[in-house]
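Chemist: Give me a model of this one.
(one chain, ligands or ions: 3)
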Amino acid sequence: MVTVVDHPLVQHKLSVMRDQHTGVKEFRELASELSLLLAYEAMRDLEVVPARFSTPLEEGDFPMLSGKKLALVAILRAGLVMTDAIVNLVPAAKVGHIGMYRDPESLAPVAYYAKLPADISERRVFLTDPMLATGGSASAAITKLKDAGAHSIKLMTILSAPEGIAVIEREHPDVEIVTAAIDRQLDDHGYIVPGLGDAGDRIYGTK
Ligand SMILES: O=P(O)(O)OC[C@H]1O[C@H](OP(=O)(O)OP(=O)(O)O)[C@H](O)[C@@H]1O
Ligand SMILES: O=c1cc[nH]c(=O)[nH]1
Ligand SMILES: [Mg+2]
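Modeler: Ligands and ions are numbered 1, 2, ... in the order given. All right, here's what the predicted structure looks like:
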């Protein structure tokens, strides 16, 4: 299942990120802001239970988060900016990291690091990466999460290609995708078009 967050604030911020003239500082800030807005949607189905306590005026039952604890997992590098933002919304969440880059020739994902919460099987996992292109990186990261015991996983991306969505739907039909937009296609180099370029380079200024 794919949820496209088509809220005007999300769409506006994404358009500014796409602009080739948007600089590193603004791009990174927008990626953080968009991550919060995507998390708002991705976490819509978190469980709440009534808790009884008093406001300064009277006692009552008020909804508080309950149910499974959360894990935020970033696909390095670019997913880091998303978990860094979202952990401020859900500070009790544990944060995991999966190092993965795409081989520029084959476009196959190359894994170089993984550190996940030990109790990940008991947590709802939100996997973050701004870009879902061929889907190779996200699919490999999801396989890693499942191998570690995770069985409740949502993938949060800023921009997705139809090709990448098809890969996740085929290889991991249980994983819901929450994204700000689905672009037209991939170009001959595996870049999303019209896209926003290389997210990692634009976040960290490495180009
Ligand atoms: O869907 P795919 O075809 O696998 O492509 C998407 C991947 O490419 C980018 O990472 P990149 O390889 O540029 O690594 P970086 O974040 O370290 O720059 C992006 O952040 C995704 O992880
Ligand atoms: O368009 C793309 C494709 C893969 N990775 C990116 O950062 N951008
Ligand atoms: Mg990159």
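
Chemist: if you look at stretch 173-187, does any of it touch ligand 1?
Modeler: No: taking CB under 6 Å from any ligand atom as the criterion, stretch 173-187 and ligand 1 are apart, separated by no less than 7.8 Å. (Each C-beta comes from the backbone N, C-alpha and C, glycine too.)

Chemist: ok, now which ones touch the residue of the chain found nearest ligand 3?
Modeler: Closest residue of the chain to ligand 3, CB to the ion: Gly200 (3.2 Å). Gly200 makes contacts with 77-78, 206, as judged by CB atoms under 8 Å, 6 or more residues apart in numbering.

Chemist: Please apply the same query to Pro8.
Modeler: Pro8 sits next to no residue when contact means CB under 8 Å, 6+ apart.

Chemist: And the pLDDT at it?
Modeler: Confidence at Pro8, expressed as pLDDT, is 98.

Chemist: What's the separation between it and Ser54?
Modeler: As judged by CB to CB, to the nearest Å, Pro8 and Ser54 stand 39 Å apart.

Chemist: Can you tell me what sits against stretch 66-76?
Modeler: Residues outside stretch 66-76 that contact it (CB under 8 Å, 6+ apart): 46-49, 79-80, 82-83, 86-87, 90, 92-100, 113, 116-117, 119-120, 122-129, 137-138, 141, 145, 150, 152.

Chemist: quick one: the helices in this protein?
Modeler: Assigned by DSSP state H, the helices in the chain fall at 8-18, 24-42, 80-86, 136-147, 162-171, 199-204.

Chemist: winner for burial among those helices?
Modeler: helix 80-86 (a mean of 23; mean count of other CB atoms under 10 Å).

Chemist: packing partners for that one?
Modeler: helix 24-42, strand 69-76, strand 123-128 (3 or more CB pairs under 8 Å, 6 or more residues apart in numbering; DSSP states H and E).

Chemist: which residues are contacting the longest one?
Modeler: In other words, helix 24-42. By CB under 8 Å, 6+ apart, helix 24-42 touches 3, 5, 7, 9-10, 13-14, 16-17, 22, 81-82, 84-86, 88-90, 126, 128, 130, 154, 156, 158, 178-180, 199, 202-205.

Chemist: Near ligand 1, which residues of the protein are found?
Modeler: So the chain meets ligand 1 at 75-78, 100-102, 107, 109, 129-138, 164, 190, 198-200 (CB under 6 Å from any ligand atom).

Chemist: For the residues you listed, which ChimeraX command selects only the ones that are buried?
Modeler: Those of the residues of the chain next to ligand 1 that count as buried under 16 or more other CB atoms under 10 Å are selected in ChimeraX with:
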select :75,76,77,78,100,102,109,129,130,131,132,133,134,135,136,137,138,164,190,199,200
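
Chemist: Who are the contact partners of Val94?
Modeler: You called it Val, but residue 94 is Lys. Shown in contact with Lys94 (CB under 8 Å, 6+ apart): 69-72, 117, 119, 123.
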